[in-house]
Every structure is written in structure tokens, then in C-alpha cells.
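J.: take a look and give me a structure for this.
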Amino acid sequence: MSKYLNDIDVKSSVGLVCKSKSFGDFKIVRYSDSKNVLIEFINTGFLTSTRSDCIRDGRVRDRLTSSVFGVGVIGNSRDIKVGGVATKEYKLWYTMLQRCYDEHSEGLLETYKDCTASENFIHYEYFYDWCNNQVGFNIFDEHGKPFELDKDLLSKGNKLYSEHTCVFLPREINVAFTKSNKTRGKYPIGVYWNNSKRVFIAQINKGGGNQKHLGQFETETEAFKAYKQAKENYLKELANKWKDKIDIRAYNALMNYQVEITD
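T.: Down below sits the predicted model:
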């Protein structure tokens, strides 16, 4: 039995229909040399140039199919690698789809449960162009970290990655919205019960392990009100700090953000 999926002499097989490992049948259209063979996928009509050994092994990719987590379409007009290294756009796109559609990642972070991507965002070519037209893309914070893709600020509780719901934010802003429902207990966000003092404590996390104590209170409602005021003021501070480098939609969302007791 041959070790090749397509046991053929590629040079003399122009017009022959072959099989790929993962993308259906394709036809050999033109042979220029062993490193430059034009093929066409039967299902989509996608044309691409490949090598003879890839044809024999079936290691060819149809970039017009939903090949990334069964959803994402790479397309043919934008590179996914430059110099053998994945582009920033592709890594963002791949990670976004992984959060939404990779069943093996499901449950790792509650934040991404039931998330989806818009019809436009499942197409890498669209996502690539969208990224390069956004305020904050290719900008770095004071620690040399690139701004992060965020889907939550513009619409609280949002589960859709889309051109209308996403913005790029510095990590300092992004982590300001990080919550841990599993560890904070039964009390409102920013509040915990001090059993030894028999009081409710309010505190705010300003990043980098910087926990600011906001006071002791007789009721959890009073403690939450102190946290709410401090958190909303902190978000306004961040908005003004980054005003010139973030999308105006993000700035306005930060300035008008309302912390709820159900957050």
C-alpha cells in the first residue's frame, strides 16, 4: 500500500482530481515546477499554488472553507504568517474564535461561556482590515504590552464579538473589569464580611495587587455604595488617563459606567 494519499506523478497529472486530508477534493490545474503547482478545490473553486509533495500527501488547505474551529474562514487576501510567524491579527482572530467555539476550552473561563462571533468576524480578511482601522490597534502601554481586544465595555454582559461591540483597550482598563464570582462569596462586588470585627468591609482593586481599603460598614448595602462610588471614580480616572489613545466610544462608556449591585 502506498504511503501517499495521491500516488501520482504530479507533473503528468494536470486535470486529475485528487484528495486532500481535510478539505475535500481538488484538481491539478497547472504544473510549473515541483514547488509551484496550481490546484483548484472542487467545493469552493479556491485556487492556490502548492508543492508536489503536498499534493501527494494531501497536505493542502482550502482557505475558503470554515476550517478554524469549524467556523472561521481564512480567505485568500491576507497573510496569516509573515516570515514564518503568525501575524498579530491572526493570533487575535484565532484566540477569539477559540474562546467562542473550541469545545476543549469551554468552561476554562466563565467569561467566555456562550460567546459567539459576528458573521463578519468569522472571516479573517474582514477582521484583519477591521483591526487595522481601529483606534488602539498597534498601540502599546507603558509596559510595552499591546492593547487588548475587549467585547464587554461598550455593552455590559455582551456575548458577541463584533465590529459594533469590540474595542482595543490597554490592559490596565481591561483588568479593571475582571471579576471572580467563585471566590468573592455571597456579598455584592467589592464587599466582604469581617467576622472578627463583625463589620462589612469595602475595598477596591486598582490593579497590580493594589487593594484600597474603603472603610467599615454596618450593612452590606452601605459598603457596596462606598465601593460603587470609588469604582466609578476610578474608571473615570482611567478614561482620562487614556483618553487620547482609546476609541471615543470606550472613553464615553468609562465616563458613564454604572456599577450595579448585581455585577
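
J.: buried residues in the longest helix belonging to the chain?
T.: Longest helix in the chain, counting residues (DSSP state H): helix 220-241. If you call a residue buried by 16 or more other C-beta atoms under 10 Å, then helix 220-241 has these buried ones: 220, 223-228, 230-232, 234-235, 238-239. No exception for glycine: its C-beta is placed from N, CA and C like everyone else's.

J.: would CSV of the residues you listed with pLDDT and distance to residue 27 be doable?
T.: Output for the buried residues of helix 220-241, formatted as CSV (pLDDT from 0 to 100; distance: C-beta to C-beta, whole Å):
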residue, pLDDT, distance to residue 27
220, 94, 69
223, 96, 70
224, 96, 66
225, 96, 69
226, 96, 70
227, 96, 65
228, 96, 64
230, 96, 66
231, 96, 61
232, 97, 62
234, 96, 61
235, 97, 57
238, 97, 56
239, 98, 56
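
J.: which one of these sits closest to residue 248?
T.: Residue 248 lies nearest to residue 239 out of the buried residues of helix 220-241, by C-beta to C-beta, at 10.5 Å.

J.: helix or strand right after the helix or strand of the chain with the lowest mean pLDDT?
T.: Least confident element among the helices and strands of the chain, by mean pLDDT, DSSP states H and E: helix 181-184 (a mean of 56). Counting by DSSP states H and E, the next helix or strand C-terminal to helix 181-184 is strand 191-194.

J.: same for that next one, what does it pack against?
T.: strand 199-205, helix 220-241 (3 or more C-beta pairs under 8 Å, 6 or more residues apart in numbering; DSSP states H and E).

J.: need the three-state assignment for residue 251.
T.: Following DSSP: H, G, I helix; E, B strand; the rest coil, residue 251 is assigned to helix.

J.: what sits against it?
T.: 239, 242, 243 (C-beta atoms under 8 Å, 6 or more residues apart in numbering).

J.: excluding its backbone neighbours, what's nearest the first one?
T.: Nearest residue to residue 239 in three dimensions, chain neighbours excluded: residue 254, at 3.6 Å (C-beta to C-beta, 6 or more residues apart in numbering).

J.: how close does residue 177 sit to residue 196?
T.: Distance of residue 177 to residue 196, computed by C-beta to C-beta, to the nearest Å: 31 Å.

J.: so which residue is dead centre in the chain?
T.: residue 96 (2.7 Å; C-alpha atoms, centre = their mean).

J.: and residue 7, that one's in a helix?
T.: No. Counting by three-state DSSP, one finds residue 7 to be coil, located in no helix.

J.: what about it, distance to residue 24?
T.: Distance, residue 7 to residue 24, by C-beta to C-beta: 19 Å.
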